[in-house]
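Sequence unavailable; structure follows:
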Ligand SMILES: O=P(O)(O)OC[C@@]1(O)O[C@H](CO)[C@@H](O)[C@@H]1O
């Protein structure tokens, strides 16, 4: 079973308006409130693609209950650790061709809450892999993620890291099964710059990430596609269907989940996993939020994949 850990879940509040001006009333429409957070999004997409998955995370207040109930209504089990306060609401405003993403800090946690997560991990006997995604809420202990990882490893399970925090530069030494940075994170966290025009930069960056400890790397480049490296070979993949981007929110999480849903059990079939991942990302950006993956099968036929090394 693939578990996901979302330390800082959110209700995503997606709204649309025709333009955004200061000092006046902005009328918005198409409001959608959905249970989210990076790891939850991964679990929802894994579930959609037929993989067993369950959610771990900190939840608080009415918004926390909304998220837990929403996830369960989608058919995904949740093991909530209840904390004080109110789980955050993140606001994603689409104003014509511009996206405004307002991401709040979240509800604080305390050491007793963290201990509950550690105990949960110790008790989940079917955990094969834990996907650790997203930001950390206020007051999280500095060693929270390394404590989580040491417990996952102690039970012989693997872990995947999708975090934007500088902590990734230390945690990579714990040998994650997979990391999923984007090009900005690669530059900010590791000082590695990659360019599609010079693929040797990708080859060099991948070599550096493997040297630091990553077993596999899925490097996402938004609409420009993605590279995957397993330490022996590197592939490039891109969906060639022209899509109208409504919102990029949830696209990275869904891409990761789609890739994992095929590759986790069958690491030799990288190309099929990349096709599903790129088609999923392309379909998700057409929707406010995660959407319903309705066009993924169609888009899969339009993904180019090539080995670059
Ligand atoms: O603050 P974090 O944890 O980095 O990101 C949280 C978040 O913006 O990421 C998801 C999209 O990837 C949203 O569902 C969610 O609101």
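Perfect, I can see it now. Here the structure is a predicted model, which is why all the values come from computation and not from measurement.

you'd agree residue 150 is in a helix?
Yes: using DSSP: H, G, I helix; E, B strand; the rest coil, the assignment for residue 150 is a helix.

Quick check: pLDDT value at it.
pLDDT recorded at residue 150 is 98.

for the one 5 residues further on, same thing?
Reading off the confidence values, residue 155 has pLDDT 94.

Please renumber the chain so that the first residue is 114 from this point on.
Done: numbering now begins at 114, and the last item shifts to residue 268.

what's near enough to touch the nearest residue to it once chain neighbours are set aside?
Closest residue to residue 268 apart from its sequence neighbours, by CB to CB, 6 or more residues apart in numbering: residue 240 at 6.6 Å. The C-beta positions use only the backbone N, C-alpha and C, and glycine is treated the same way. Residue 240 makes contacts with 114, 116, 234, 265, 268, 270, as judged by CB atoms under 8 Å, 6 or more residues apart in numbering.

Check the gap between the last one and residue 379 for me.
The gap separating residue 270 from residue 379 is 18 Å, by CB to CB, to the nearest Å.

which one of these two has more residues nearby?
A direct count of neighbours by other CB atoms under 10 Å for residue 270 and residue 379 places residue 270 higher, at 19 against 10.

Would you check how far apart the nearest residue to residue 195 once chain neighbours are set aside and the ligand are?
Nearest non-adjacent residue to residue 195, counting by CB to CB, 6+ apart: residue 172, 6.0 Å away. Noted for residue 172: a distance of 14 Å to the ligand, by CB to the nearest ligand atom, to the nearest Å.

near the ligand, which residues of the stretch 214-363 of the chain show up?
Proximity of the stretch 214-363 of the chain to the ligand, by CB under 6 Å from any ligand atom, involves residues 216, 247-248, 277, 362-363.

now the helices for the stretch 164-313 of the chain?
For the stretch 164-313 of the chain, the helices defined by DSSP state H, counting those that start in this stretch occupy 174-186, 224-236, 257-267, 281-284, 296-303, 312-325.

repeat for the stretch 314-422 of the chain
Under the criterion DSSP H, counting those that start in this stretch, the stretch 314-422 of the chain contains helices at 364-376, 383-397, 409-413.

Look up the pLDDT of residue 182 for me, please.
In this model, residue 182 is scored at 98, pLDDT.

what about it, distance to residue 124?
Residue 182 sits 12 Å away from residue 124, taking CB to CB as the criterion.

which residues are common contacts for the two?
residue 148.

Looking at these two, which is more packed in?
Taking other CB under 10 Å, residue 182 and residue 124 do not tie; residue 124 has more neighbours (21 against 12).

Isn't the more buried one up against residue 147?
Yes: if you go by CB atoms under 8 Å, residue 124 and residue 147 touch, sitting 7.0 Å apart.
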